[in-house]
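Next one to model:
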Amino acid sequence: MKVLMILDDIWHPAEVIERGLASMDKEELEFDLVRDGKDILSPEFVNRYDAVVNCSGNAVNASNTHPWFEQGVTEFGPEEFRDYVAEGGALVVIHSGLTIGGDRAPVPAYTEVVGSYFTNHPPRELTQVSVTEENEITKGVEAFSERDEHYQIVITAPDARPFLKTESEHGGVTVSGYTRCFGKGRVAVLTPGHTLAVWENPNFQKLVKNAIRWAKNG
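Sure thing, here's the model as predicted:
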């Protein structure tokens with residue numbers, strides 16, 4: 001399965017995920033990493049892949065804070081994300097991919113398809129991630145604890161089906177994984193993933209791989 005992974009922004013450098021992927025048993029998954037979506041992605045490019053994983057916020061890359069989405073310039077932006085899934089695409093959104101949009105800088109088309117947006121997080125601390133519903137994504141996954149950014153999100157999709165929760169001292173208990181369908185496609189969301197410790201954790205790696213397979217098998 002060919003997987004397009006979009007990564008690298010000012011607060012989430014690509015190296016974290018690259019090192020995590022290096023330790024992962026990728027099985028049948030073949031990852032192609034794109035660090036500058038603004039000038040590489042187009043609908044035609046994206047359609048070469050079986051699934052898309054977005055781990056990037058709205059910045060060109062880690063050294064350029066200019067917005068990735070620029071009207072009249074960006075060929076694959078919020079509307080294209082929405083249309084890609086609506087037409088049967090497979091989308092997995094992890095951690096910083098949730099920072100696009102929200103009350104402060106709305107990106108309606110992106111939030112429409114993803115079904116949630118990031119609001120804040122407490123200082124990095126030990127977080128406990130555990131399964132709340134058994135499904136194809138949580139198969140073989142055990143609870144785990146790592147130091148991470150405990151994302152707080154607002155879920156906007158009425159059909160979002162949570163399957164994971166995260167607990168921490170200052171972040172409380174929140175939904176940290178859910179699935180939804182959008183048009184002919186599928187979306188899976190995972191909020192953990194700021195630190196290398198999380199990306200190297202075998203249970204998180206299982207979640208990522210299972211989420212990709214679930215999204216594609218719609």
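
quick one: contacts of the biggest helix by length in the chain?
With residue count as the measure and DSSP state H as the assignment, the chain has helix 202-216 as its longest helix. If you take C-beta atoms under 8 Å, 6 or more residues apart in numbering as the criterion, helix 202-216 is touched by 1, 3, 20, 23-27, 29, 50-51, 53, 90-92, 94, 129, 135-144, 146, 164, 177, 179, 185-188, 190, 192-193, 198-199. C-beta here means a position set from N, CA and C on the backbone, and glycine is covered the same way.

How far does that helix sit from its chain's centre?
11 Å (C-alpha atoms, centre = their mean, to the nearest Å).

wait, doesn't Q128 sit right on G172?
No - counting by C-beta atoms under 8 Å, G172 is not a contact partner of Q128; they are 11.5 Å apart.

okay, these two: which has more neighbours?
Of the pair Q128 and G172, Q128 is the one with more neighbours under other C-beta atoms under 10 Å, namely 14 against 11.

Who are the contact partners of that one?
Going by C-beta under 8 Å, 6+ apart, Q128 touches 143-145, 166-168.

Residues in contact with the helix-or-strand element of the chain with minimal mean pLDDT: which ones?
Lowest by mean pLDDT, DSSP states H and E among the helices and strands of the chain is helix 37-40, with a mean of 94. Residues external to helix 37-40 that are found in contact with it (C-beta under 8 Å, 6+ apart): 6, 34, 56, 60, 68, 70, 73-74, 76.

Just among these, which is most surrounded?
Within the contacts of helix 37-40, neighbour counts (other C-beta under 10 Å) peak at S56, which reaches 30 neighbours.

Okay, and that residue sits in which element?
Using DSSP states H and E, S56 is not contained in any helix or strand.

my read: it touches W11, true?
No - using C-beta under 8 Å, S56 is not in contact with W11; the gap is 10.2 Å.

which residues do those two both contact?
Joint contacts of S56 and W11 (C-beta under 8 Å, 6+ apart) are S96.

And the helices in the protein?
Along the chain, counting by DSSP H, helices occupy 14-22, 37-40, 43-46, 78-86, 108-114, 196-200, 202-216.

Can you tell me which of the ones you listed is packed in deepest?
Among the helices of the chain, helix 202-216 has the highest mean neighbour count (mean count of other C-beta atoms under 10 Å), at a mean of 22.

That one versus helix 78-86: what angle between them?
For helix 202-216 against helix 78-86, the angle by axes from the mean of the first three to the mean of the last three C-alpha atoms, to 10 degrees is 80 degrees.

I'd like the mean pLDDT over helix 202-216, please.
Confidence over helix 202-216 (mean pLDDT, whole number) is 98.

residue furthest from the geometric center of the chain?
With distances taken as C-alpha atoms, centre = their mean, the residue sitting farthest from the centre of the chain turns out to be G72, at 25.2 Å.

And the pLDDT for it?
Note for G72: predicted pLDDT of 90.

Look up how far F81 lies from it.
The spacing between G72 and F81, counted by C-beta to C-beta, to the nearest Å, is 17 Å.

Distance check, H12 against E18.
Distance of H12 to E18, computed by C-beta to C-beta: 12 Å.
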